[in-house]
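In: what would the 3D arrangement of this be:
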Amino acid sequence: MCQFCYNFAVLRKISLISISVILFTIAAFIIIKLSDKISIIQTFIPEKIAIFKQVHMSGREGNDSWEISAHEGWTGRDRNVTTFEFVTNAEIERNGRPLIKDLTARRMKVSRNKDIEVLKKAEGEKDGKQYLNALIDFNAVSNKNKKRKFSTITAAVIKFNPDTKKALVTGNVRIVKDKMTIRAESISLDLNSNLATFEGRSSFSKKGSKLVANSATSYFDEDRIVMSGSIEVTQKNKTAVSDKATYDDLSKTVVLSSNVKTVIEKLKNIIKEKSAEKVKGEDAKGALQEKTVITCNSLRLSTENGDCTAYGKVLVSQKDKEARSDEAFYQEESENIVLTGKVYMKRKNDWVKANKVIVSVDKETFEAVGAVETIFKVKKGSKR
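Out: Predicted structure coming up:
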């Protein structure tokens with residue numbers, strides 16, 4: 001058997017259960033078919049044994065199959081590495097279902113010890129129009145019977161070994177998945193646990209929401225991402241920070257916890273424009289221009305709209321006003337703010353206590369419900 005074929009045959013134990021199946025399965029099957037157009041050229045170049053032109057291979061094992069094409073390739077004289085140049089149109093099916101398609105890369109290396117490395121550009125090559133990208137069906141990766149959806153992944157380098165079932169994706173990694181764009185400097189993939197760990201400052205953007213964290217772990221089977229370290233969420237002119245956060249792809253929400261703080265530079269920027277224009281009271285108009293700060297034990301934000309819920313020791317402060325409660329909910333559609341559980345609201349020397357308070361921004365109404373207590377201190381000579 002030629003060294004070229006040998007290097008591929010030794011990789012038949014490769015698994016197809018994660019993103020790294022993109023390349024794991026390329027050399028993983030029993031049957032290897034070389035196209036009629038392949039030419040194997042004996043070479044006198046010192047570092048190469050032979051050069052392969054117009055490489056096309058396919059293979060199948062049970063219901064799994066793969067196919068790959070490359071412009072050329074060669075085996076080194078040390079017989080340890082086979083290199084492929086300009087890889088195109090690599091496709092992988094799992095259980096008869098397309099898993100990976102349109103895999104392209106500038107260079108791919110397969111070594112005798114089963115290490116596989118895919119590169120956006122060749123060593124020493126200047127930056128130009130190099131590439132490394134693929135379309136991946138994450139729903140098939142997670143072994144769930146879900147609707148077929150392909151995501152795009154681009155990177156500078158992908159390294160992996162089928163024996164350890166682990167991979168490392170590095171260099172301006174970008175994944176576009178179900179309207180979410182993920183960016184990271186590196187991602188570690190663990191097929192044994194079916195999870196991905198994002199190292200370094202990483203961002204997760206969807207519609208008008210953006211989450212940034214020092215580190216994050218994605219659990220494919222659970223459709224959630226757990227983040228930690230200097231969390232920052234920006235959404236429609238408001239910014240929230242915390243130490244921890246969890247994104248749930250099923251509910252389309254992110255929950256922040258530990259040292260949660262939200263800053264809204266101007267309230268008028270998060271409500272409907274026509275609602276802001278309808279506000280008549282001078283105090284209300286002034287409040288719409290003021291900065292608002294919210295602290296709480298945890299905060300749930302929707303990534304689909306502006307809905308949010310604050311839980312535990314909620315404190316909303318704005319210049320000379322403050323409100324405290326056990327829970328606070330804001331609904332973007334109705335523009336209602338509902339505070340529940342030991343509600344305490346204060347403006348200068350005036351205060352009100354209640355079990356529940358409903359504030360309508362659109363109607364400029366305030367309703368206190370249940371065990372209401374209130375004190376209004378009026379200075380002598382006041383017209384109020």
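In: could you give me the buried positions within stretch 80-98?
Out: 81-87, 90-94 (16 or more other CB atoms under 10 Å). C-betas here are computed from N, CA, C, even on glycine.
In: least confident of the residues you listed?
Out: Among the buried residues of stretch 80-98, residue 94 has the lowest pLDDT, at 70.
In: right, and it touches residue 66 too?
Out: No: applying CB atoms under 8 Å, one finds residue 94 not in contact with residue 66, separated by 9.7 Å.
In: what about the nearest residue to residue 201 once chain neighbours are set aside, how many residues close to it?
Out: Leaving aside its chain neighbours, residue 201 sits nearest to residue 214 (6.0 Å; criterion: CB to CB, 6 or more residues apart in numbering). Residues lying near residue 214 (other CB atoms under 10 Å) number 15.
In: give me every residue that touches residue 214.
Out: The neighbourhood of residue 214, defined by CB atoms under 8 Å, 6 or more residues apart in numbering, consists of 200-202, 228-230.
In: adding pLDDT, neighbour count and secondary structure, write the residues you listed out as JSON lines.
Out: As requested, the contacts of residue 214 are exported to JSON lines (pLDDT from 0 to 100; neighbours: other CB atoms under 10 Å; DSSP: H, G, I helix; E, B strand; the rest coil):
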{"residue": "200", "pLDDT": "89", "neighbour count": "14", "secondary structure": "coil"}
{"residue": "201", "pLDDT": "93", "neighbour count": "16", "secondary structure": "coil"}
{"residue": "202", "pLDDT": "95", "neighbour count": "22", "secondary structure": "strand"}
{"residue": "228", "pLDDT": "95", "neighbour count": "16", "secondary structure": "strand"}
{"residue": "229", "pLDDT": "95", "neighbour count": "13", "secondary structure": "strand"}
{"residue": "230", "pLDDT": "95", "neighbour count": "13", "secondary structure": "strand"}
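In: of the residues you listed, closest to residue 303?
Out: For the contacts of residue 214, the minimum distance to residue 303 (CB to CB) is 16.2 Å, reached by residue 202.
In: after the helix or strand residue 74 falls within, which helix or strand is next?
Out: Residue 74 belongs to strand 64-76 when elements are defined using DSSP states H and E. Using DSSP H and E, the helix or strand that follows strand 64-76 in sequence is strand 81-94.
In: adjacent strands (with direction) for that next one?
Out: strand 64-76 (antiparallel), strand 97-111 (antiparallel) (DSSP bridges).
In: quick one: closest of those to residue 52.
Out: Smallest distance to residue 52 across those (CB to CB): 4.4 Å, for strand 64-76.
In: that'll do, ta.
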